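>>> need a 3D model of the sequence below.
(one chain, ligands or ions: 1)
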Amino acid sequence: MTDIEIYRALPEAERERLGFAAWKHERRQGTHGPDCHRWGSSHYDCLLSEYDKLDSSYGLLEYESVALKKKAERYERIRTLNPREYSELWTRHISTGERFDDLVDAKFAEVRKNTEMQKHRIAEMRR
Ligand SMILES: [Zn+2]
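Numbering: from 1, shown residues only. Below you'll find the predicted structure:
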C-alpha cells in the first residue's frame with residue numbers, strides 16, 4: 001500500500017487536520033526505514049549510526065587500498081626480474097619454504113640499498 005493510498009483510507013477528519021504532507025512527515029517521525037537518517041532531526045540517532053557505518057567502511061577501504069598498493073608494487077618488481085633471477089627466487093622458495101613474497105621484498109630492499117650506496121659513492125667521487 002502506498003503512502004497516498006494509506007492517507008486516502010484515513011477518516012476525513014484526520015485528513016483535514018493534517019493534509020498529506022504534514023501527515024507523511026508525522027508518520028515518518030515515529031517509524032524507521034531505509035534512508036530514514038535523511039528524514040530530519042527525529043532520526044538523529046539513525047544519522048549517527050549511518051555515519052558510524054560509513055566511517056568504518058572508509059577505514060576498511062583505506063586499509064585495503066594500502067595492502068593492494070603494496071601487492072601491486074611487488075607485482076611490478078616481479079615483472080622486472082629476468083628469468084634467471086626469477087628462477088633463483090622460486091627455487092629458493094621451493095627448497096626452503098620461505099614465502100615467495102618475502103623473498104621478492106628482500107631482493108628489492110637489497111637492490112634499493114645497493115642503488116643508494118652507488119649514488120653515495122658517485123656523490124663522494126665528485127667532491
Ligand atoms: Zn530512523
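>>> for this structure, longest helix please?
Criterion DSSP state H: the longest helix present in the chain is helix 44-80.
>>> buried ones in that one?
Cys46, Ile78 (16 or more other CB atoms under 10 Å). Backbone N, C-alpha and C define where each C-beta goes, glycine included.
>>> now do the end-to-end distance for stretch 11-27.
15 Å (CA to CA, to the nearest Å).
>>> any part of the helix or strand of the chain with the lowest mean pLDDT near the ion?
When each helix and strand of the chain is scored by mean pLDDT, DSSP states H and E, helix 20-30 comes last, with a mean of 77. No. Applying CB under 5 Å from the ion, one finds helix 20-30 separated from the ion by no less than 8.3 Å.
>>> contacts for that helix?
By CB atoms under 8 Å, 6 or more residues apart in numbering, the list of residues contacting helix 20-30 from outside reads Asp3, Ile4, Tyr7, Leu10, Glu14, Arg15, Leu18, Cys36, Trp39, Gly40, Ser42, His43.
>>> same question, stretch 107-126
Arg77, Glu85, Leu89.
>>> make TSV out of these and add distance to the ion.
Formatted as TSV, the contacts of stretch 107-126 follow (distance: CB to the ion, whole Å):
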residue	distance to the ion
Arg77	50
Glu85	59
Leu89	56
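>>> ok, back up a step: pull out the buried members of the contacts of helix 20-30.
For those, a neighbour count by 16+ other CB under 10 Å gives the buried set as Tyr7, Cys36, Trp39, His43.
>>> now, which of these lie close to the ion?
Within the buried ones among the contacts of helix 20-30, those near the ion by CB under 5 Å from the ion are Cys36, His43.
>>> if we can go back for a sec, and the two most separated of the contacts of helix 20-30?
Greatest spacing in the contacts of helix 20-30, by CB to CB: Arg15 and His43 (24.8 Å).
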